[in-house]
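>>> below are the sequence and a predicted model; questions follow.
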Amino acid sequence: MTLYADLDMSHLQFWGLPRSTRLEAFRRLRQLDRPVFFREQQAPFIKAGPGYYALVRHADVMEASRNAEVFSSQPCANSIPDLPRWLAVYFGSMINMDDPRHARLRGIVSRAFTPRVLAKLEADLAVAAAEIVDQAIEEGPGDFVTQVAARLPVRVICDMMGIPPQHHDHVLRCTNVILGSVDPEYTGIGAELNRLRMARGLGRLLRAGYSLNRMAARLGDERRKHPTGDLVSLLVNGEERLTSQELGSFFILLVVAGSETTRNAIAHGLKLLTDHPAQRRLLLENFEGLIGRACDEVVRHSTPVIQFRRTLTRDHVMNGTTYRKGDKVLLFYNSANRDEAVFQDPDVFDVTRDPNPHVGFGGPGPHYCLGAHLARREMVVMFRELFARLPDIRSVGEPDYLLSNFINGIKHLRYTF
């Protein structure tokens, strides 16, 4: 049981509540003396565990992130219940591993994020952003997500991997299904039929994971025979290399984490800069001086990734609370980023905020987001191009939000220029 029935974030209905209601719920949780324990909701075909503690304070999220020996990412970090084998084969990437397995894989895939690789990407980003804005101008304003925000990240990731342009839309559709597996738009089932929607969502999730996994595996087979110098060639050749299964899981992680989260940050950014015209004026008066801080503030304020899970490897006392071996905890980054003990006026959007110790890319430790620098660069380049070419661009109305307890996503956002 929970302390407050209206705070039960294990149920999908909680994540369909108005955003202001959910923010208030997390504020109330932060005021309690100790983390609240929530029972897990039963999902079709997946065994539910006993429940989890909600870590909602910045201090708890930071400490748990640093202490990976106690707060383990195994057996699962990206799902509240343990993933069954038929799902883990596609989604059991290094995000669900501890060292030394995690360190080995992270060392291999970090080749994608070296300064030399990112420097080469900088010029490519500018070209891609210009072409995307060209196309948006030609099409006329409609849906900012599909016309602008979603196009840059998926293009960057696919170009890095060597995925041909004709497959980019398919990759985007698959990532939408993976992250929208309980959203009615992607399941085709109405919100009133929760278990049926979840069952159908799991089926579509499995098919999307299989499709992306096989795409990466086939590409890996080609690059082992005929290396081209792209990222896949780097990952499958050399002394340390990824297996076909590891490559497939990594591709899903990369395209989901590197594409979906960046696209949502860009979409949230336009909405925030529309809703806060004074902050928009500040930014445009000194764009190059403030855009870095502004992007971090967008990430803090919106927090595209809501939470990740950890599992206790032994009994442990943290900030006055005793946890037992095997306990699950959820690191709620969205709540930590609004912690009044760390951020002055945490609900205020401030493009000049400094310092800004947000955890929008995860907390410190071995699982801090490898692509954080790339995500920031994509945001900077996209906003630079948009405001230089379309200085009056604005969102219109309220976004169509994704129904999810994992991603704070915007599915559709009307805009004008």
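Received it, and whenever you're ready, just let me know what you need.
>>> select the longest helix from this protein.
Ranked by residue count under DSSP state H, the longest helix found in the chain is helix 194-225.
>>> I'd like the average pLDDT over that helix.
Average pLDDT, helix 194-225: 84.
>>> which other helices and strands contact that helix?
helix 85-91, helix 168-179, helix 184-187, helix 231-236, helix 244-255 (3 or more C-beta pairs under 8 Å, 6 or more residues apart in numbering; DSSP states H and E). Any C-beta I mention is one placed from the backbone N, CA and C, and that applies to glycine too.
>>> repeat that for 6 Å
Where contact means 3 or more C-beta pairs under 6 Å, 6 or more residues apart in numbering; DSSP states H and E, helix 194-225 is packed against helix 168-179, helix 184-187, helix 231-236, helix 244-255.
>>> buried sites along it?
Neighbour-count burial for helix 194-225, counted by 16 or more other C-beta atoms under 10 Å, picks out 194, 197-198, 200-202, 204-206, 208-209, 211-213, 215-217, 219-220, 223.
>>> poorly predicted segments of the protein, please.
By pLDDT under 70, the low-scoring segments of the chain are 1-6, 44, 187-199.
>>> could you pull out the strands for it?
In the chain, the segments counted as strands under DSSP state E are 37-38, 52-55, 71-72, 307-312, 316-318, 321-323, 328-332, 394-395, 400-401, 410-412, 415-416.
>>> direction included, what does the fifth one pair up with?
It stands for strand 316-318. Partners of strand 316-318 in the sheet, by DSSP bridges, are strand 321-323 (antiparallel).
>>> with the third one instead?
When pairing is defined by DSSP bridges, strand 71-72 lines up against strand 307-312 (antiparallel).
>>> quick one, the partner strand and strand 328-332 angle?
Our comparison of strand 307-312 with strand 328-332, counting by axes from the mean of the first three to the mean of the last three C-alpha atoms, to 10 degrees, yields an angle of 150 degrees.
>>> from now on call the first residue 56
In the new numbering, first residue 56, that becomes strand 362-367.
>>> look up how far Asn122 lies from Val372.
For Val372, the distance to Asn122 (C-beta to C-beta, to the nearest Å) stands at 12 Å.
>>> so for these two, which sits in the more crowded spot?
Shown here are Val372 and Asn122; by other C-beta atoms under 10 Å, Asn122 has more neighbours (15 against 8).
>>> residue contacts, the more buried one?
Asn122 sits next to no residue when contact means C-beta atoms under 6 Å, 6 or more residues apart in numbering.
>>> again, only using 10 Å
Taking C-beta atoms under 10 Å, 6 or more residues apart in numbering as the contact definition, Asn122 lies against 365, 368, 371, 373, 420.
>>> show me what contacts Ile187?
202-207, 210, 437, 440-441.
>>> return the subset of those lying in helices.
206-207, 210, 437, 440-441.
>>> next, format those residues as TSV and append neighbour count and distance to Val310.
Shown next, in TSV, are the ones in helices among the contacts of Ile187 (neighbours: other C-beta atoms under 10 Å; distance: C-beta to C-beta, whole Å):
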residue	neighbour count	distance to Val310
Arg206	24	14
Leu207	24	13
Arg210	23	11
Met437	28	18
Glu440	21	23
Leu441	23	23
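>>> with adjacent residues omitted, what lies nearest to Asp405?
Spatially, and ignoring its direct neighbours in sequence, Asp405 is nearest to Glu352 (6.1 Å; C-beta to C-beta, 6 or more residues apart in numbering).
>>> what number of residues lie near the one you found?
The tally of other residues near Glu352 (other C-beta under 10 Å) stands at 25.
>>> that one and Met117, how far apart?
Distance, Glu352 to Met117, by C-beta to C-beta: 19 Å.
>>> also Leu328?
28 Å.
>>> the two: which is more packed in?
Leu328 (24 against 19).
>>> how about the contacts made by the more buried one?
334-336, 338-339, 349, 353, 404, 406, 438, 441-442, 448-450.
>>> re earlier: Throw the contacts of Ile187 into a markdown table and include distance to Thr298, thanks.
Output for the contacts of Ile187, formatted as a markdown table (distance: C-beta to C-beta, whole Å):
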| residue | distance to Thr298 |
| --- | --- |
| Gln202 | 38 |
| Val203 | 36 |
| Ala204 | 33 |
| Ala205 | 30 |
| Arg206 | 31 |
| Leu207 | 30 |
| Arg210 | 27 |
| Met437 | 35 |
| Glu440 | 39 |
| Leu441 | 41 |
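>>> of those residues, closest to Gln96?
Comparing those against Gln96 with C-beta to C-beta places Ala205 closest, at 29.3 Å.
>>> how many residues are close by that closest one?
By other C-beta under 10 Å, 27 other residues sit near Ala205.
>>> quick one: Cys115 from Tyr456, how far?
Careful, residue 115 is Asp; it's not Cys. For Asp115, the distance to Tyr456 equals 26 Å [C-beta to C-beta].
>>> shouldn't Asp394 be in contact with Asp400?
No. Using C-beta atoms under 10 Å, Asp394 is not in contact with Asp400; the gap is 12.0 Å.
>>> tell me which of the two has more neighbours.
Each of Asp394 and Asp400 has its neighbours counted (other C-beta under 10 Å); Asp394 has more, 21 against 9.
>>> tell me the contacts of the closest residue to that one other than its chain neighbours?
In space, and not counting its chain neighbours, Asp394 is closest to His113: 3.9 Å by C-beta to C-beta, 6+ apart. The contact partners of His113, by C-beta under 10 Å, 6+ apart, come to 85, 388, 390-398, 401, 412-414, 418.
>>> if you set the cut-off to 6 Å instead, what comes out?
Per C-beta under 6 Å, 6+ apart, neighbours of His113: 391, 394, 397.
>>> between Asp115 and Tyr456, which one's more packed in?
Set side by side, Asp115 and Tyr456 show more neighbours around Asp115, with 25 against 19, by other C-beta under 10 Å.
>>> gap between the more buried one and Pro136?
From Asp115 over to Pro136 (counting by C-beta to C-beta), the distance is 22 Å.
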